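Student: Turn this into a structure:
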Amino acid sequence: MRNGAIDQFVKGAQSPAENIFAGHVQEPDNFSVIMLLDLDHVQQTIQDLTHAFPPHFLHTFAAKANPVRRVLAEVGEHGMGVECASRGELLQALASGVAPEKIVFDSPAKTYSEIQLAVERGVSLNVDNLQELERVKEIVGKSSYDVESNKNYIGLRINPQIGQGALAGFSTGTRTSKFGIAIEDYEQEILQAMDTCPWLQMLHCHVGSQGCDFSLMTSGIRRVVDLAHTINKRTGRQQIKAIDIGGGLPVNFASDQELPSFEMYSSVLKRAAPELFDGQFKVITEFGRTIAAKSGATVMQVEYTKQSGGKNFAVVQAGTDLFIRTIYHPDKWPLRTSLLNKEGDQPAQGEPTQLYDIAGPCCLGMDIVAFDRELPEVHPGDHIILHDTGAYYHASFSYYNSRNPPVFIGFRSASDSSALKFELLCKISTVHDTVDYFGPPQ
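Tutor: Numbering: from 1, shown residues only. Sure thing, here's the model as predicted:
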């Protein structure tokens with residue numbers, strides 16, 4: 001996220017003439033937590049991705065990273081498709097205006113009606129297991145699906161069983177992963193499925209996200225590319241026309257540096273699987289976190305400061321409800337912090353600093369967003385900034401303690417000035433909406 005954007009937003013939000021909330025629900029508690037997304041930065045990231053790969057690559061955005069419809073529409077406007085893992089994400093992607101042939105549906109627990117929806121709407125579909133394949137056979141058999149004229153693909157998700165990365169819970173290519181059809185356990189069944197289902201034209205793999213290095217990612221892809229060659233040789237034609245290589249490029253949460261880059265990944269992938277780059281396969285990617293994470297930040301007004309046992313606390317209005325990954329694994333998902341004063345100004349250079357824990361509002365002892373962050377003296381009304389929150393935070397919001405979702409705002413450069421233009425990306429949900437959520441049926 002660009003420097004100075006948060007300062008400008010905080011100052012503008014305090015000005016009645018520039019207040020972005022004018023005409024919207026005005027409840028003070030709604031505006032103590034604001035999530036910001038730099039839409040220009042999202043666009044630049046997508047351009048970097050596009051330039052790093054040949055034009056026959058279809059890049060899709062993992063909706064689970066940020067399912068806000070306006071965000072999905074934004075990535076679609078810049079050429080990306082959308083990868084979906086639930087009916088809700090699929091319907092949101094379709095409603096965003098992204099073309100069905102650029103949408104991929106990957107849920108590991110698709111219902112019969114969800115498969116029908118995907119086939120009827122013409123989105124690509126990755127079958128997670130052999131029992132699901134039987135459902136798909138039945139639905140395709142009853143439909144007008146034409147393998148020659150359709151622009152979408154139906155494929156099998158393959159678990160290459162190549163091991164786990166640094167974060168076990170985010171590794172999906174292990175020997176015992178719940179995802180996909182295990183290649184070592186079911187190789188013959190996979191080949192037989194290709195013999196009996198000529199409309200199976202795609203293979204998919206995704207070995208994990210954060211914590212997976214290039215070697216792990218590309219070894220899983222290499223194994224699936226080899227399987228594609230085996231299938232095409234066995235059938236005597238190019239039955240496998242597309243390979244979905246998933247996403248999972250990790251994000252650097254330690255600094256502003258955007259590493260690893262798409263160019264670095266493309267270079268390593270080309271060495272590992274050069275045939276993905278020569279056009280013999282349509283290639284699909286599913287990047288999410290790396291598209292949006294560094295475009296986002298969260299602004300939280302400090303409610304109180306306090307001390308306990310010699311430790312300083314800054315108490316804010318978001319914690320376990322919004323930053324669940326960081327709360328439960330602070331060493332694996334650390335968020336950088338900075339401070340703005342009440343007026344939206346950065347502290348003066350050389351101001352003395354102290355160590356603070358950033359404490360959330362939830363009734364949970366471990367509800368600490370950040371530990372021992374070095375900050376100038378914090379006062380009630382100041383603003384704590386958490387960086388790199390553009391992916392998997394707004395998307396993971398929980399109603400725990402009956403808390404309501406944060407306000408979500410995007411911004412971009414105004415075309416006629418150096419100022420920034422801010423916009424609401426989704427409707428403001430008030431505490432009354434949350435009360436109604438848990439209320440009696442209407």
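
Student: Give me the buried positions along the helix or strand harbouring G410.
Tutor: According to DSSP states H and E, G410 maps onto strand 407-413. For strand 407-413, the neighbour count (16 or more other C-beta atoms under 10 Å) marks V407, F408, I409, G410, F411, R412 as buried. For the C-beta atoms, the positions are set from N, CA and C on the backbone; glycine is no exception.

Student: ok, it: who's next to it in the sheet?
Tutor: strand 33-38 (parallel), strand 420-424 (antiparallel) (DSSP bridges).

Student: With mean neighbour count and mean pLDDT added, can I get these in JSON lines?
Tutor: Formatted as JSON lines, these follow (neighbours: other C-beta atoms under 10 Å; pLDDT from 0 to 100):
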{"stretch": "strand 33-38", "mean neighbour count": "25", "mean pLDDT": "96"}
{"stretch": "strand 420-424", "mean neighbour count": "16", "mean pLDDT": "90"}
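
Student: Can you lay out those strands as JSON lines showing distance to N3?
Tutor: Rendered in JSON lines, the data for those read as follows (distance: least, C-beta to C-beta, whole Å):
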{"stretch": "strand 33-38", "distance to N3": "11"}
{"stretch": "strand 420-424", "distance to N3": "12"}
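
Student: What helix or strand is the residue nearest to F105 when sequence neighbours are not counted located in?
Tutor: Leaving aside its sequence neighbours, F105 sits nearest to A118 (C-beta to C-beta, 6 or more residues apart in numbering; 4.6 Å). Element membership of A118 [criterion: DSSP H and E] is helix 112-121.

Student: can you check I358 too?
Tutor: Using DSSP H and E, I358 falls in strand 353-359.

Student: Determine the set of other helices and strands touching the following helix or strand past that strand.
Tutor: Downstream of strand 353-359, the next assigned helix or strand under DSSP H and E is strand 368-376. Strand 368-376 makes packing contacts with helix 324-328, strand 337-340, strand 353-359 when contacts are defined by 3 or more C-beta pairs under 8 Å, 6 or more residues apart in numbering; DSSP states H and E.

Student: ok, 7 Å please
Tutor: When contacts are defined as 3 or more C-beta pairs under 7 Å, 6 or more residues apart in numbering; DSSP states H and E, strand 368-376 sits against strand 337-340, strand 353-359.

Student: How about that strand, which residues are buried there?
Tutor: For strand 368-376, a neighbour-count test (16+ other C-beta under 10 Å) marks I368, V369, A370, R373, L375, P376 as buried.

Student: Now do that strand against strand 353-359, angle only.
Tutor: With axes from the mean of the first three to the mean of the last three C-alpha atoms, to 10 degrees defining the directions, strand 368-376 sits at 160 degrees from strand 353-359.

Student: quick one: average confidence on strand 368-376?
Tutor: Regarding strand 368-376, the rounded mean pLDDT is 97.

Student: continuing past that strand, what's the next helix or strand?
Tutor: Scanning forward in sequence from strand 368-376 by DSSP H and E, the next helix or strand is strand 383-387.

Student: Neighbouring strands of that next one in the sheet, and parallel or not?
Tutor: If you go by DSSP bridges, strand 383-387 pairs up with strand 296-301 (antiparallel), strand 337-340 (antiparallel).

Student: quick check, distance from the last one to the centre of its chain.
Tutor: Right, strand 337-340. 24 Å (C-alpha atoms, centre = their mean, to the nearest Å).

Student: what's the answer for stretch 135-143, then?
Tutor: Worked out by C-alpha atoms, centre = their mean, stretch 135-143 lies 31 Å from the chain centre.

Student: could you dump it to PDB, C-alpha only?
Tutor: Extracted C-alpha coordinates of stretch 135-143, given in PDB (Å, rounded to 0.1, in the frame of the first residue of the first chain):
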ATOM      1  CA  ARG A 135     -22.300 -37.400  -9.700                       C
ATOM      2  CA  VAL A 136     -20.700 -35.400 -12.400                       C
ATOM      3  CA  LYS A 137     -21.100 -38.300 -14.900                       C
ATOM      4  CA  GLU A 138     -24.800 -38.400 -14.100                       C
ATOM      5  CA  ILE A 139     -25.200 -34.600 -14.400                       C
ATOM      6  CA  VAL A 140     -23.200 -34.300 -17.600                       C
ATOM      7  CA  GLY A 141     -25.100 -37.200 -19.100                       C
ATOM      8  CA  LYS A 142     -28.400 -35.400 -18.500                       C
ATOM      9  CA  SER A 143     -27.100 -32.000 -19.700                       C
END
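
Student: tell me the SS of A109?
Tutor: coil (DSSP: H, G, I helix; E, B strand; the rest coil).

Student: burial of it, as a residue count?
Tutor: If you count neighbours by other C-beta atoms under 10 Å, A109 ends up with 11.

Student: I figured S177 hits N159, correct?
Tutor: Yes. Between S177 and N159 there is a contact under C-beta atoms under 7 Å: 5.3 Å.

Student: Which one's more surrounded, these two?
Tutor: Set S177 next to N159 and count neighbours by other C-beta under 10 Å: N159 wins out with 28 against 18.

Student: ok, that one - contacts?
Tutor: N159 makes contacts with G173, S177, F179, G180, I181, A182, I183, as judged by C-beta atoms under 7 Å, 6 or more residues apart in numbering.
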